[in-house]
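Novice: Need the 3D shape of this:
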Amino acid sequence: MKKFLALLLALTMVLSMAACSSSTPAATTAATTAPAETTAATEAAGDVYTGPDWATIDAMDYDDASDALYDWNLGEFNEYYQDAKSEITDLNLRMAKMAMADAKLMESGVFSPVYGNGGAFAMNRVVPRTDTTTSWGVDEYRWHSKLVANELITSEDRSALTALWGESEDAASWLEAAKAYLDEHGYTLNDTWNYAINYELATWDGIASSYTSDHYFVAPTWAPLLEYDAKNVQQPGIAESYEVSEDGTVYTFHLRQGVKWVDQQGRELGEVTADDWVASMEHVLDNNDALGYLMTSSSGCGIKNYDAYLSGEVTDFAEVGVKAVDDYTLEYTLEAPFPAFLSMMGYGCFAPLNRAFYKAQGGTFGAEGEEYTSGNYGTTPANIAYCGAYLVKNFTEKNVTSYVANPSYWNADSVQTHNINIYFNDGSDPLRMYNEAKDGTVAGCPFNSSSLVLAKEDKPEGSDKTYFDLYHYTTANDGSTFCGWVNVHRGSWANFNDNTVGVSTQTDDQKAATRAALSNKNFRNALGLAFDRGAFNSTIVGEELKYASLRNAYVPGDFQVSTAEVTVEINGEATTFPAGTYFGQIEQAQLDADGYPIKVWDPAGNDGAGSGDGFDGWFNPDAAVEYLDKAVAELAQVGVEVSAENPIHIDVPYGSYSETITNRMNAYKQSIEKVLGGKVVVDLVAYADNTAYSYSYYRTSTGNEANYDVAPGTSGWGPDYGDAQSYLDTIQPYGYMTKSIGLY
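Specialist: Below is the predicted model:
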């Protein structure tokens, strides 16, 4: 999970707001460059293009077919990535190799990055930077340090508060300084935070879910071993301290004594002990398809014997690398050093689980030799145990979820806001959130294209300035990357859970032609470069901010920075980067060396600090046509004619119930069809409600359930921990997001 994100169910980034400001660099368009050579088959056989061997692939079982198509479409990326992942000693070299792998991923065209969470005009009563802005884990959803004013915060005061955050030495002094500033400037604090979002919750069992839409609701109910604070510094949580062995494989945590488990009513259930993390690991194993990948050696931290226990090579759970040394001493053992292990502690796979309560709900553990069932655990807020800052007071599906501060929370005195109400808003009314933000029903709102017009006209009573003039700011991007996914092995032409919904109108011949086209690298690159992402975004945030949230690579360009000089071989040439080099700078060097017309790093962005966001480094009509011409020639060699008379048809799902989504997907259609001269036709497939729409792309378990050819900006990924592996693992064979491209 973190994150398999799906914010375009209805409102996408518009309902996910970070309460801080950012600058908006000028738009930048990549220069036209001739298409690079694109397929192993073409390179090996000169002008002969063979395409995948579909007859053989169709005779394979699904996983074997996925393997073959993965190798065809992503073999080069995976070669680079596995080399990067094997580097665990020199972390600067590891980062550089990860950046080169991300470049190869972008060149493959199996998806294009679209935007991060942010980049919208907004107004809000939430004080900026009072939650952590760390982009990995789920600490951002714990909310206990959030400050909320009764009054909308002016643009001027918001900027001053953000500057004050930067000047503060630590989180405690920052929160006190923020309160003093608010008091001095006439604001009063509210003890309740009201917000709206379009997430639909599937389970209260966070250990058994990989969906952000679940963790968003569950994270406030449990406390982690370690937690990032409002200054993005990791602090002791339930673990007072820890030690790491000299070889970097054993982590020993010392737990606070007296931390309580309670039920939904706040009644004590027992003490939090080290066994709660042992039980949690047993539950992770039983739900390996959710967050278990983070425990494996191939995709995560490599808990000792986790893989061996899953395969049956090890049968005694006591040999798995988690141990309760005593009630207050917890030990994790890894197969090998994993540099980002501590940064994982705030995520759901390291949540504690009260064994006795779980079993009382009918839950069982496979590690104890039982047939696994979770029983009633996680079915409602009454069926989980709590050790976090909040208790769920009320949950009404698709309506409101309410929380109240947990008086038994180990750090109850630090909780700043004691009541929380999360309202469901599917986006069908584009002005609802704006009107509710004005009257105080919710704390704030982003401005979509409809509300932005009103915000620039409406004036608060007694003011000669508009809401926009008084209160607007630009939300900052977080670590989430939403993408335009290309389905290279489509297996469904209607929704997998209801074959009467989302039915494709493609003929069998059109389906075959589309499959051949989407397996062609040049064709995919043509789609990526023909996608006017700025126009796509402008349908929500308007022309002024259409570039602000754009992201140009899967891994954000500033996600990591080198701490020392590092030298790597880029296409056989030793290339040295100084200390302080950003991830995106190295990725750009690889793209440039390969001759790809993609710009993922702007050294002038972010007021000269450099940025991978805030400009369009992909939209390039001339290069798109060149790639398409090359693809047309290659496809002709395998008997697929592509012309204005015989166009490739691409199914794109959209929620017709939402003006926002409808406008966005029409912008995509217009962009692709215009740039590619009618040789590609985008067929928009309508969904009448939020739930049905989500089953076309988000609520899928395997790649062959995905019901689309291209899904622009629908779902994405945010990091689980502080290493680029957290992104790139999701696109390796059997990686979590490979289902978004129709595989595994």
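
Novice: Let me see the ranges of the helices in the stretch 151-300 of the chain.
Specialist: Here the stretch 151-300 of the chain has its helices, by DSSP state H, counting those that start in this stretch, at 155-167, 171-184, 212-218, 275-286, 288-291.

Novice: So which bits of the last one are buried?
Specialist: Put plainly, it is helix 288-291. 290-291 (16 or more other CB atoms under 10 Å). Heads up, the C-betas are built off the backbone N, CA and C, glycines and all.

Novice: Please apply the same query to the third one.
Specialist: For helix 212-218, the neighbour count (16+ other CB under 10 Å) marks 212-218 as buried.

Novice: TSV for the helices of the stretch 151-300 of the chain, including mean pLDDT?
Specialist: Below are the helices of the stretch 151-300 of the chain laid out as TSV (pLDDT from 0 to 100):
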stretch	mean pLDDT
helix 155-167	96
helix 171-184	98
helix 212-218	95
helix 275-286	98
helix 288-291	92
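
Novice: what about L545, neighbour count?
Specialist: L545: 22 surrounding residues under other CB atoms under 10 Å.

Novice: Let me know the pLDDT of it.
Specialist: Note for L545: predicted pLDDT of 91.

Novice: same deal with D720?
Specialist: On the pLDDT scale, D720 gets 88.

Novice: how much space is there between it and F482?
Specialist: 17 Å (CB to CB, to the nearest Å).

Novice: do the same with C445
Specialist: Noted for C445: a distance of 20 Å to F482, by CB to CB.

Novice: again, but for D439
Specialist: Noted for D439: a distance of 31 Å to F482, by CB to CB.

Novice: The two: who's more crowded?
Specialist: For D439 and F482, the more surrounded residue by other CB under 10 Å is F482, and the numbers stand at 26 against 7.

Novice: Where does pLDDT dip in the protein?
Specialist: Applying pLDDT under 70 to the chain picks out residues 1-46.

Novice: Next, format the buried residues of helix 212-218 as TSV and append distance to G292.
Specialist: Shown next, in TSV, are the buried residues of helix 212-218 (distance: CB to CB, whole Å):
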residue	distance to G292
T212	17
S213	19
D214	16
H215	15
Y216	21
F217	21
V218	17
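
Novice: for those, which one is nearest G427?
Specialist: Nearest to G427 among these: S213, at 14.4 Å, using CB to CB.

Novice: thought that closest one was touching G206?
Specialist: No: in this structure, S213 is not within contact of G206 by CB atoms under 8 Å, at 11.3 Å.

Novice: SS state for T89?
Specialist: coil (DSSP: H, G, I helix; E, B strand; the rest coil).

Novice: thought M433 was touching D426?
Specialist: No: the criterion here is CB under 8 Å, and M433 misses it with D426 at 11.1 Å.

Novice: quick one, which of these two is more surrounded?
Specialist: A direct count of neighbours by other CB under 10 Å for M433 and D426 places M433 higher, at 26 against 22.

Novice: any idea how far G742 is from L529?
Specialist: Using CB to CB, L529 is found at 21 Å from G742.

Novice: The stretch 201-350 of the chain: strands as residue ranges?
Specialist: Ranges of strands in the stretch 201-350 of the chain, per DSSP state E, counting those that start in this stretch, are 226-228, 234-236, 239-244, 250-255, 260-262, 268-271, 322-326, 329-333.

Novice: gap between the third one and the chain center?
Specialist: On the basis of CA atoms, centre = their mean, to the nearest Å, the separation between the geometric centre of strand 239-244 and that of its chain is 29 Å.

Novice: Within its sheet, name the partner strands of it and how each one runs.
Specialist: Note on strand 239-244: by DSSP bridges, its sheet partners are strand 250-255 (antiparallel).

Novice: Tell me which residues are up against the partner strand.
Specialist: For strand 250-255, the external contacting residues (CB atoms under 8 Å, 6 or more residues apart in numbering) are 225, 238-245, 272-274, 325, 327-334, 341-342.

Novice: do the same with stretch 161-169
Specialist: Everything outside stretch 161-169 that qualifies as a contact, by CB under 8 Å, 6+ apart, is 20-21, 127-129, 153, 174, 177-178, 181, 230-231.

Novice: and after the helix or strand harbouring A55, which helix or strand comes next?
Specialist: Assigned by DSSP states H and E, A55 belongs to helix 54-58. Sequence-wise, the next helix or strand downstream of helix 54-58 (DSSP H and E) is helix 62-85.

Novice: what's that following helix packed up against?
Specialist: If you count contacts as 3 or more CB pairs under 8 Å, 6 or more residues apart in numbering; DSSP states H and E, helix 62-85 packs onto helix 40-45, helix 54-58, helix 91-108, helix 725-728.

Novice: Out of those helices, which is closest to K398?
Specialist: Taking the helices and strands packed on helix 62-85 one by one with CB to CB, helix 725-728 is closest: 31.1 Å.

Novice: For that closest one, C-alpha coordinates in CSV please.
Specialist: Provided in CSV are the C-alpha atoms of helix 725-728 (Å, rounded to 0.1, in the frame of the first residue of the first chain):
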residue,chain,number,x,y,z
GLN,A,725,12.8,0.9,-3.4
SER,A,726,9.4,1.6,-1.9
TYR,A,727,8.2,2.9,-5.3
LEU,A,728,10.1,0.7,-7.7
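
Novice: Residues in contact with it: which ones?
Specialist: Counting by CB under 8 Å, 6+ apart, 81, 84-85, 98, 101-102, 105, 136, 340, 481, 554-555, 559, 717, 719-720 sit against helix 725-728.
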